[in-house]
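>>> sequence and predicted structure below; questions after.
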Amino acid sequence: MTPSAYTPAPGRRFGVGDRVRVKAAHPPGHRRTPAYIRGKVGAIERVCGMFPNPEELAYGFDGEPKHVLYRVRFSQTEVWAQYEGKADDCIELEVYEHWLEPA
Amino acid sequence: MNRNPADIGGEDAGRIDTVDHGMKFWEKQANALRGTLVGRKVVRLDELRRSAEELGSRYYELAYFERTTEALRNLLLEKGLLTEAELQGKMAEVRGRYDA
Amino acid sequence: MSHDHRHPRDQDEGPPCEHEIMSRAMQELLEEKGFLSAEEVRRRMELFEQEYPQRGSRVIAHAWADPPFRKRLLEDGKAACAEWGLDLEADRLIAVENTPQVHNVVVCTLCSCYPRALLGMPPTWYKSENYRRRVVREPRAVLKEFGTVLPENVAIRVHDSNADMRYVVVPMRPAGTGGWSEEQLAKIITRDALVGVTLPKVS
């Protein structure tokens, strides 16, 4: 089987195009959801697959069960209060499903 | 709020030094050491990142490979793969090799 | 200064700093305890020096020359490279294409995630705090510091490689390169263009 960048995510909650909000949570410890994107609303750009949870791996746990990882697209004017670029500039990053809510 | 020192996207900052200054020999070796340990599953990349984040304000005082080296040290000590005494001893031995 | 064949260093670099001593000490202890060998570390250094840095420009040159490969690369970067015979090891590669409407630029704000098996080591500026802080919020100003000014109508898309995926930019093929071999094309595809801070130029 050819290697792929992606892995299957059959039980995923969201699909491409769905509008989602990143939780405005600030838990301590190792997180891969940058502070600048928390609380922001974007749209699912692609489904990356299922991967062990880095928040657990960081402390020596096996990160199971795997969590679904998405790429989410945000408008820059949504992310930054005084964004100085163009209205159609955007930023895309990877967000784990447990950090997302429907918007 | 005790923010992760690595979580800096969007902060104000000055000019970027756009020149690639490359790596010293020891930095290339440190990079390869890190990659070899991760490849052999002695440590996880996520653990190394978390260890770097736990450096707190020291994170900003260290250059990139100084940071990754201290993060690795702290993680190896945490996991009991090395002891402080062993490390100090070996560092003294290595230091001695380079003294004139 | 005693010369240790198993653990070389560049004499030009002056006396070792404390962190070099720390790093060497850790490596030697781990070797003694059987966690790894000096040879494995050396081989990895060679890969980073000789193999990985050559790959990115070759892959993108092939994408420019071969439309079906380009399409496949954009669908699944890792699979396309594997099918072409290039093993990207752990890198889950996503290729993002520049178009007349959109310019892409890549960063890892949280650390220094980068497609190392495709491009080698990231440049010092990519790992710098100032790049990580600023490019997500003011990409045009950052690009300007690299000497890159985009046309007015082009939107910028920033990619923060904050989790499991790794990114490479597929720049637009410049005018004046018609009929070029892949080798000639690869020569103008710089590492900085593959991260998105510059554009390939025909000199």
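Noted; the coordinates are in hand.

>>> ok, residue 86 - contacts?
Chain wasn't specified; assuming chain A. For A:Lys86, the contacting residues are C:155-156, by C-beta atoms under 8 Å, 6 or more residues apart in numbering or on different chains. For the C-beta atoms, the positions are set from N, CA and C on the backbone; glycine is no exception.

>>> other chain: chain C
When the contact criterion is C-beta under 8 Å, 6+ apart, the partners of C:Leu86 are C:55, C:59.

>>> any idea how far chain B is from it?
Taking C-beta to the nearest C-beta, to the nearest Å as the measure, C:Leu86 falls 18 Å from chain B.

>>> any part of the helix or strand hosting C:Arg24 near chain B?
Using DSSP states H and E, C:Arg24 falls within helix C:18-32. Yes - judged by C-beta under 8 Å from any C-beta of the partner chain, helix C:18-32 comes into contact with chain B through C:19-30.

>>> near chain B at all, the single longest strand found in chain A?
If you go by DSSP state E, chain A has its longest strand at strand A:41-51. No - Strand A:41-51 lies out of reach of chain B by C-beta under 8 Å from any C-beta, never closer than 10.7 Å.

>>> can you tell me which helices and strands that strand packs against?
Secondary-structure packing of strand A:41-51 (3 or more C-beta pairs under 8 Å, 6 or more residues apart in numbering or on different chains; DSSP states H and E): strand A:19-22, strand A:67-75.

>>> chain C: strands as residue ranges?
C:92-97, C:102-107, C:155-160, C:165-170.

>>> chain B is nearest to which of these?
Among these, the nearest to chain B by C-beta to the nearest C-beta is strand C:155-160 (6.6 Å).

>>> burial count for residue 57?
Picking chain A for this. For A:Leu57, the count of nearby residues is 20 (other C-beta atoms under 10 Å in any protein chain shown).

>>> sorry, should have said chain B
The number of residues packed near B:Ser57 is 7, by other C-beta under 10 Å.

>>> quick check: the spatially closest residue to it that is not a sequence neighbour vs B:Arg58, distance?
Distances taken as C-beta to C-beta, 6 or more residues apart in numbering or on different chains place B:Pro5 nearest to B:Ser57, at 6.9 Å, with adjacent residues excluded. Using C-beta to C-beta, to the nearest Å, B:Pro5 is found at 8 Å from B:Arg58.

>>> do the same with C:Leu47
31 Å.

>>> between the two, which one's more packed in?
Per other C-beta under 10 Å, whichever of C:Leu47 and B:Arg58 has more neighbours is C:Leu47, with 17 against 13.

>>> can the helix or strand B:Leu37 falls within be found next to chain C?
Here B:Leu37 is covered by helix B:25-39, with elements defined by DSSP H and E. Yes - using C-beta under 8 Å from any C-beta, a contact is recorded between helix B:25-39 and chain C, made by B:25-26, B:28-33, B:35-37, B:39.

>>> can you say which of those residues are buried?
Neighbour counting with 16 or more other C-beta atoms under 10 Å in any protein chain shown marks B:25-26, B:28-33, B:35-37 as buried within the residues of helix B:25-39 next to chain C.

>>> now render those residues as a markdown table, adding pLDDT.
Listed next are those as a markdown table, based on pLDDT from 0 to 100:
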| residue | pLDDT |
| --- | --- |
| B:Phe25 | 96 |
| B:Trp26 | 96 |
| B:Lys28 | 97 |
| B:Gln29 | 97 |
| B:Ala30 | 98 |
| B:Asn31 | 98 |
| B:Ala32 | 98 |
| B:Leu33 | 98 |
| B:Gly35 | 97 |
| B:Thr36 | 98 |
| B:Leu37 | 98 |
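
>>> report the beta-bridge partners for A:His67.
A:Phe51 (DSSP bridges).

>>> going along the chain, name the helices of chain C.
All helices of chain C, identified by DSSP state H, fall at C:18-32, C:38-46, C:52-65, C:67-75, C:77-84, C:116-119, C:124-127, C:129-134, C:139-145, C:182-188, C:191-195.

>>> the ones you listed: which one's closest to chain A?
So among the helices of chain C, helix C:77-84 is nearest, using C-beta to the nearest C-beta, at 4.1 Å.

>>> give me the helices and strands touching that closest one, please.
Contacts defined by 3+ C-beta pairs under 8 Å, 6+ apart place helix C:77-84 against helix C:52-65, helix C:67-75, strand C:92-97.

>>> right, and the helix or strand after the longest strand of chain A?
Next element after strand A:41-51 (DSSP H and E): helix A:54-57.

>>> that next one and chain C in contact?
Yes - judged by C-beta under 8 Å from any C-beta, helix A:54-57 comes into contact with chain C at A:Pro54.

>>> could you dump that helix to PDB, C-alpha only?
Listed next in PDB are the C-alpha coordinates belonging to helix A:54-57 (Å, rounded to 0.1, in the frame of the first residue of the first chain):
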ATOM      1  CA  PRO A  54      -0.100  14.900  21.200                       C
ATOM      2  CA  GLU A  55      -1.400  16.300  24.500                       C
ATOM      3  CA  GLU A  56      -1.000  12.800  25.900                       C
ATOM      4  CA  LEU A  57       2.100  11.700  23.900                       C
END
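
>>> pick the most deeply packed of the helices and strands packed on helix C:77-84.
Most buried of the helices and strands packed on helix C:77-84, by mean neighbour count (mean count of other C-beta atoms under 10 Å in any protein chain shown): strand C:92-97, with a mean of 22.

>>> quick one: is that strand near chain A?
Yes - residues of strand C:92-97 are located near chain A by C-beta under 8 Å from any C-beta, namely C:92-94.

>>> what are the bridge partners for the residue nearest to the spatial centre of chain A, then?
Residue closest to the average C-alpha location in chain A (C-alpha atoms, centre = their mean): A:Val95, at 1.1 Å. Bridge pairing for A:Val95 (DSSP bridges) gives the partners A:Tyr70.

>>> name the element the residue most central in space within chain B belongs to?
Nearest to the geometric centre of chain B sits B:Thr68, at 1.5 Å (C-alpha atoms, centre = their mean). Remark: B:Thr68 resides in helix B:64-78, with elements defined by DSSP H and E.

>>> downstream neighbour of that helix in the secondary structure list?
Of the helices and strands lying after helix B:64-78 in sequence (DSSP H and E), the nearest is helix B:84-98.
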